[in-house]
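>>> Take a look and give me a structure for this.
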Amino acid sequence: MVLSFRQAEILEIARADGRVAVEDLAHRFEVTLQTIRRDLSDLADAGHLDRVHGGAVVRTGVANIGYEARRRMNEGAKAAIARACAAAIPDNCSLILNLGTTTEAVARELLGHSNITVITNNINVANILVANPGCEIVVAGGTLRRTDGGLVGELTTQFFEQFKVDFAVIGASALDRDGDLLDFDLAEVRVSKAIIGQSRKVYLVCDHSKLGRSAPARLASLAEITTMFTDAPLPDDLAGQCRDWNTEISISAAG
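Next up, the predicted model:
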């Protein structure tokens with residue numbers, strides 16, 4: 001399929017933000033809603049996007065988006081989420097940060113914290129926190145995933161089972177309407193389950209684009225999460241479930 005100039009730009013926006021909305025695109029390009037719907041249908045037919053109510057999301061299938069593309073997606077939202085999460089983490093505590101570009105954003109917001117111990121299977125997180133002299137860094141063993149600097153596998157799972165920390169900060173590749181956190185890599189899922197089990201409080205950092213995605217492996221439920229830090233309100237039914245589960249939702253819109 002040869003994309004028109006408008007369709008190519010729509011695809012670029014979708015790749016940067018993870019999701020596009022029909023009304024926003026119609027306003028941006030000064031065309032009708034029907035024109036945008038036709039563009040999104042063409043992009044979906046070509047395998048670039050998946051249509052969702054009111055717009056479209058980047059098609060992921062059973063493979064995750066590349067690491068550098070994920071890093072660029074929703075940067076402003078991730079920064080706002082990270083600031084709110086870091087503000088909820090006190091000095092003089094222990095915490096685990098796992099894999100993901102949003103957890104890396106949290107690491108950058110922890111550079112001013114003092115007397116903290118961070119245990120991580122994310123090489124990028126460790127490299128960020130080297131700049132904080134008030135942070136003791138403990139890096140997990142395991143098999144290095146070159147695509148994103150993550151350490152995974154049975155050795156990593158066993159490593160985390162040795163600790164009991166005050167906080168865990170985790171990410172997820174997708175969040176479904178039932179409140180299940182989803183991921184693509186079963187080895188990573190097993191590590192994340194161990195992290196949740198060894199943490200007194202679990203913070204999920206997850207921007208709005210994850211709600212429109214899908215992944216094959218179940219990681220956990222929002223019922224197991226202390227606080228979800230995100231950038232947009234959840235659907236009413238899911239927000240109601242979170243209230244029943246006593247899962248707090250912290251919303252920090254990008255500035």
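
>>> When you work out contacts or count neighbours from here on, use the C-alpha atoms and nothing else.
Noted.

>>> Excluding chain neighbours, what is closest to Asp133?
Careful, residue 133 is Pro and not Asp. Ser114 (7.9 Å; Cα to Cα, 6 or more residues apart in numbering).

>>> how about the one you found, what does it touch?
Residues in contact with Ser114 (Cα atoms under 8 Å, 6 or more residues apart in numbering) are 91-92, 133-135.

>>> what's the distance between it and Ile10?
For Ser114, the distance to Ile10 (Cα to Cα, to the nearest Å) stands at 44 Å.

>>> Same check on Ala223?
For Ala223, the distance to Ile10 - Cα to Cα - is 36 Å.

>>> Those two: which is more packed in?
Set Ala223 next to Ile10 and count neighbours by other Cα atoms under 10 Å: Ile10 wins out with 21 against 17.

>>> wait, is Arg218 part of a strand?
Yes: with DSSP: H, G, I helix; E, B strand; the rest coil as the criterion, Arg218 is assigned to a strand.

>>> how many other residues sit next to it?
20.

>>> Give the bridge partners for the residue nearest to it when sequence neighbours are not counted, please.
Leaving aside its chain neighbours, Arg218 sits nearest to Leu182 (4.6 Å; criterion: Cα to Cα, 6+ apart). Per DSSP bridges, the residues bridged to Leu182 are Ala174, Arg218.

>>> surely Leu182 meets Leu211?
No: using Cα atoms under 8 Å, Leu182 makes no contact with Leu211, being 10.1 Å away.

>>> Among these two, which residue is more densely surrounded?
Using other Cα under 10 Å as the criterion, Leu182 and Leu211 rank with Leu182 on top: 23 against 19.

>>> quick one: Gly55 from Arg19, how far?
7 Å.

>>> who has more neighbours, those two?
Using other Cα under 10 Å, the more surrounded residue of Gly55 and Arg19 is Arg19, with 27 against 19.

>>> Specify the beta-bridge partners of the more buried one.
Beta-bridge partners of Arg19, as defined by DSSP bridges: Val57.

>>> wait, isn't it in contact with Val52?
No: in this structure, Arg19 is not within contact of Val52 by Cα under 8 Å, at 9.2 Å.

>>> can you map out the helices along this protein?
5-17, 22-29, 33-45, 67-72, 75-87, 101-109, 123-129, 154-160, 186-197, 236-245 (DSSP state H).

>>> right, so the ones you listed: which one is the most enclosed?
The highest mean neighbour count among those, using mean count of other Cα atoms under 10 Å, belongs to helix 101-109: a mean of 24.

>>> State the mean pLDDT of that one.
Taken as a whole, helix 101-109 carries a mean pLDDT of 95.
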